[in-house]
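Enquirer: sequence and predicted structure, then a few things I'm wondering about:
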Amino acid sequence: MGAASTDLRFSEWLGPAPIPGTIRQYPADDRIWTSLMTNLATLRRDWLSNPRADILAGIVVALALIPEAIGFSIIAGVDPRVGLYASVAIAIVISFTGGRPGMISAATAAVAVLVVPLVRDHGVEYLFAATILMGIMQIAAGALRLNLVMQFVSRSVITGFVNALAILIFMAQLPELTGVPMLTYALVAGGLAIIYLFPYLTKAVPSPLVAIIVLTVLVYYTGFDVRSVGDMGELPSSLPMWLIPDVPFTLETLQIILPYSVTMAAVGLLESMMTAQIVDDLTDTPSDKQREMKGQGIANFFTGFLGGMGGCAMIGQSVINVKSGGLTRLSTFVSGTFLLFLLLVLGELVAIIPMAALVAVMIMVSIGTFSWKSIKDLRFNPWQSSVVMVATVVITVWTHDLAQGVLAGVILSGLFFASKVKRLFTVETELSADNTTRTYRIGGQVFFASSDSFVEAFDFKEVLDRVVIDVSNAQFWDISAVGTLDKAILKFRREGTAVEVVGLNETSAALIERYATHDKPGAEAQLGAH
């Protein structure tokens with residue numbers, strides 16, 4: 001049934017909209033009607049606009065989540081149920097609270113590797129407490145609009161992040177491809193063939209789902225001896241229980257979990273914001289990053305009470321979802337609920353899925369995630385952008401830590417940007433006809449990186465009666481720039497030269513008026529102290 005008929009059905013149920021000017025109309029009628037219809041439109045857009053594709057995509061993602069959740073639990077040193085329960089809880093909650101429809105969040109390796117010492121030294125209950133505190137911190141970060149920090153992440157860093165993640169996804173499959181019989185390679189190759197060739201027959205069903213089903217049936221009926229999901233660990237057979245972490249409610253406990261919670265919250269938000277940006281690009285749709293931050297916090301908060309570990313957005317599963325046709329919140333919700341259904345009802349069936357099938361899916365994700373165009377662009381992009389991209393990839397892959405790679409990329413981007421702006425700084429001078437006044441015309445950006453160039457532009461030993469510093473084409477940005485202007489003026493005065501600053505724009509003038517010291521009492525003595 002089309003959208004128009006759906007609108008008609010809602011209208012018939014609600015009755016006609018209030019008619020302006022009628023005697024029975026109340027002032028709140030229009031507001032209530034408008035709000036209700038807006039909410040219904042949002043419900044259709046975010047949940048019901050793409051139901052068949054969303055449901056099928058969610059099923060594929062649920063199957064792909066199982067081995068990864070178990071693997072991440074093993075990394076963290078906890079029971080597989082902790083990772084699986086976390087994936088269920090986070091996926092379901094974030095489908096309602098998140099700000100990026102179609103993005104998948106669950107237990108992740110990025111968070112799992114951070115909590116190994118905590119679990120080893122203090123036990124899993126402290127992990128649950130740390131996850132709850134992690135959620136609170138992420139909610140606070142969203143309220144403080146820390147999502148705006150993403151504005152300082154350059155396109156080169158994002159490209160490097162994507163490429164590094166693609167490499168890490170592929171590397172994560174290597175344990176399933178080493179020391180295994182040749183049959184495993186044949187199954188993986190067959191799975192990849194189905195994934196890439198089946199869409200030529202029909203796109204009604206996601207090809208990764210077809211590959212998983214075909215290979216599972218093949219292995220089951222032929223009795224091939226290959227690794228299966230059941231070999232990864234025991235699957236849970238009961239619903240997660242609501243619990244309060246069994247830890248002392250003391251300052252000492254807070255001191256133990258606080259460093260882990262801060263790191264988990266920061267890494268989780270960083271990876272989630274980067275993944276949201278990538279899904280934005282894949283779908284050509286915007287997302288609400290602030291809501292996503294809060295949503296991640298709410299999901300992790302509840303997950304801690306359900307006996308799960310912390311998590312965040314997963315780029316691999318998000319790409320699977322989008323490539324399989326999942327675009328709305330329904331796909332994320334289905335991934336969580338179907339994962340729970342698989343564990344509780346179809347646990348024995350899930351256990352026989354060959355790992356080769358899931359490896360094929362993840363290799364497809366790795367190939368599809370990598371920005372192959374970025375390799376060709378290395379020859380054409382500015383060398384600074386290429387260095388940032390490559391450095392982000394190398395550091396991320398070397399450390400297996402996405403946060404370190406992104407941080408290095410951001411720092412390099414900042415340094416290159418400051419260097420570029422510094423080179424745009426110009427100085428022109430002109431001596432008056434009577435040789436008594438020199439005018440310095442400053443152009444460009446004056447800030448910490450160009451402050452040395454600013455001072456070096458002046459000849460303080462030249463015998464003059466007066467110096468004019470014309471900053472009509474310059475912008476002062478920080479207290480380093482103000483301090484540099486102070487130094488130049490005071491040095492000229494010490495040589496007996498009068499100084500006049502002209503052409504300050506409004507923002508520069510406000511900054512100098514507030515922080516400059518050259519016009520304050522004792523300024524000359526302060527210069528002498530330096």
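Expert: Arrived safely. Worth saying up front: this structure is predicted, and the values here are computed from it rather than measured.
Enquirer: what is the burial count for residue 132?
Expert: Taking other C-beta atoms under 10 Å as the criterion, the count of residues near residue 132 is 21. (Glycine included, C-beta is placed from N, CA and C.)
Enquirer: now swap in the one 5 residues further on and tell me
Expert: The local packing of residue 137 (other C-beta under 10 Å) involves 21 other residues.
Enquirer: residues contacting it?
Expert: 261, 262, 265, 297 (C-beta atoms under 8 Å, 6 or more residues apart in numbering).
Enquirer: for residue 162, see how far away it is.
Expert: Per C-beta to C-beta, to the nearest Å, residue 137 is found 26 Å from residue 162.
Enquirer: picking up where we left off before, of the contacts of residue 137, which is the nearest to residue 497?
Expert: residue 262 (53.2 Å; C-beta to C-beta).
Enquirer: and what about the nearest residue to residue 187 once chain neighbours are set aside, helix, strand or coil?
Expert: Leaving out its chain neighbours, the residue that sits closest to residue 187 by C-beta to C-beta, 6 or more residues apart in numbering is residue 356, at 3.7 Å. Following DSSP: H, G, I helix; E, B strand; the rest coil, the label given to residue 356 is helix.
Enquirer: shouldn't residue 356 be in contact with residue 182?
Expert: No. Applying C-beta atoms under 8 Å, one finds residue 356 not in contact with residue 182, separated by 11.5 Å.
Enquirer: so these two - more neighbours on which side?
Expert: A count of neighbours by other C-beta under 10 Å puts residue 356 above the other of residue 356 and residue 182, at 28 against 7.
Enquirer: what about that one, distance to residue 387?
Expert: Counting by C-beta to C-beta - residue 356 and residue 387 are separated by 38 Å.
Enquirer: ditto for residue 437
Expert: 46 Å.
Enquirer: hang on, residue 519 in a strand?
Expert: No. Residue 519 is assigned coil when assessed by three-state DSSP, not a strand.
Enquirer: next up, phi/psi of it, please.
Expert: Reported as degrees, to the nearest 10, the phi and psi values for residue 519 are phi -100, psi 10.
Enquirer: could you do residue 236 as well?
Expert: The phi/psi pair for residue 236 (degrees, to the nearest 10) is phi -70, psi 150.
Enquirer: ok, now which ones touch it?
Expert: 80, 81, 84, 85, 343, 344, 347.
Enquirer: one more pass at 7 Å, please.
Expert: Contact analysis of residue 236 by C-beta atoms under 7 Å, 6 or more residues apart in numbering lists 81, 84, 85, 343.
Enquirer: now do the same for the first one: its pLDDT.
Expert: The one in question is residue 81. With respect to pLDDT, residue 81 scores 83.
Enquirer: could you find the closest non-adjacent residue to it?
Expert: Nearest non-adjacent residue to residue 81 (C-beta to C-beta, 6+ apart): residue 236, at 4.3 Å.
Enquirer: tell me where the chain has strands.
Expert: Listed from the start of the chain, the chain has strands (DSSP state E) covering 105-107, 311-313, 426-431, 437-446, 466-476, 498-502.
Enquirer: ranking those strands by burial, who's on top?
Expert: Ranked by mean neighbour count under mean count of other C-beta atoms under 10 Å, these are led by strand 105-107, which reaches a mean of 32.
Enquirer: now do that strand: which elements does it pack against?
Expert: Strand 105-107 makes packing contacts with helix 51-76, helix 80-97, strand 311-313 when contacts are defined by 3 or more C-beta pairs under 7 Å, 6 or more residues apart in numbering; DSSP states H and E.
Enquirer: to residue 334, which of the ones you listed lies closest?
Expert: That would be helix 51-76 among these, by C-beta to C-beta, at 2.7 Å.
Enquirer: show me what counts as buried in that closest one.
Expert: Across helix 51-76, burial judged by 16 or more other C-beta atoms under 10 Å covers 53-73, 75-76.
Enquirer: quick one: furthest residue from the center of the chain?
Expert: residue 434 (62.2 Å; C-alpha atoms, centre = their mean).
Enquirer: between the contacts of residue 236, which is nearest residue 485?
Expert: For the contacts of residue 236, the nearest to residue 485 is residue 85 (60.2 Å; C-beta to C-beta).
Enquirer: against which helices or strands is the lengthiest helix in the chain packed?
Expert: Assignment by DSSP state H gives helix 251-283 as the longest helix of the chain. Packing partners of helix 251-283 (3+ C-beta pairs under 7 Å, 6+ apart): helix 109-112, helix 124-143, helix 155-173, helix 289-305, strand 311-313, helix 315-323, helix 402-423.
Enquirer: pick the most buried one from these.
Expert: strand 311-313 (a mean of 30).
Enquirer: show me how far it is from its chain's centre.
Expert: 10 Å (C-alpha atoms, centre = their mean, to the nearest Å).
Enquirer: and residue 16, what pLDDT?
Expert: 53.
Enquirer: likewise for the one 3 residues further on?
Expert: On the pLDDT scale, residue 19 is placed at 52.
Enquirer: same check on residue 195?
Expert: pLDDT, read off for residue 195, is 90.
Enquirer: and it, how far is that from residue 370?
Expert: With C-beta to C-beta as the criterion, residue 195 and residue 370 are 16 Å apart.
Enquirer: so the two - more neighbours on which side?
Expert: Between residue 195 and residue 370, counted using other C-beta under 10 Å, residue 195 has the larger neighbour count: 25 against 19.
Enquirer: which ones are touching that one?
Expert: By C-beta under 7 Å, 6+ apart, the neighbours of residue 195 are 207, 208, 211, 360, 364.
Enquirer: doesn't residue 200 make contact with the first one?
Expert: I take that to be residue 207. No. Applying C-beta atoms under 7 Å, one finds residue 207 not in contact with residue 200, separated by 9.6 Å.
Enquirer: one step back: next, give phi and psi for the residue farthest from the centre of the chain.
Expert: According to degrees, to the nearest 10, residue 434 has phi -90, psi 10.
Enquirer: can you tell me how far residue 505 sits from residue 473?
Expert: From residue 505 to residue 473 the distance is 10 Å (C-beta to C-beta).
Enquirer: outside of stretch 509-522 itself, list whatever touches it.
Expert: With C-beta under 7 Å, 6+ apart, stretch 509-522 has contacts from 476, 479, 482, 485, 486, 489, 490, 504, 523, 526.
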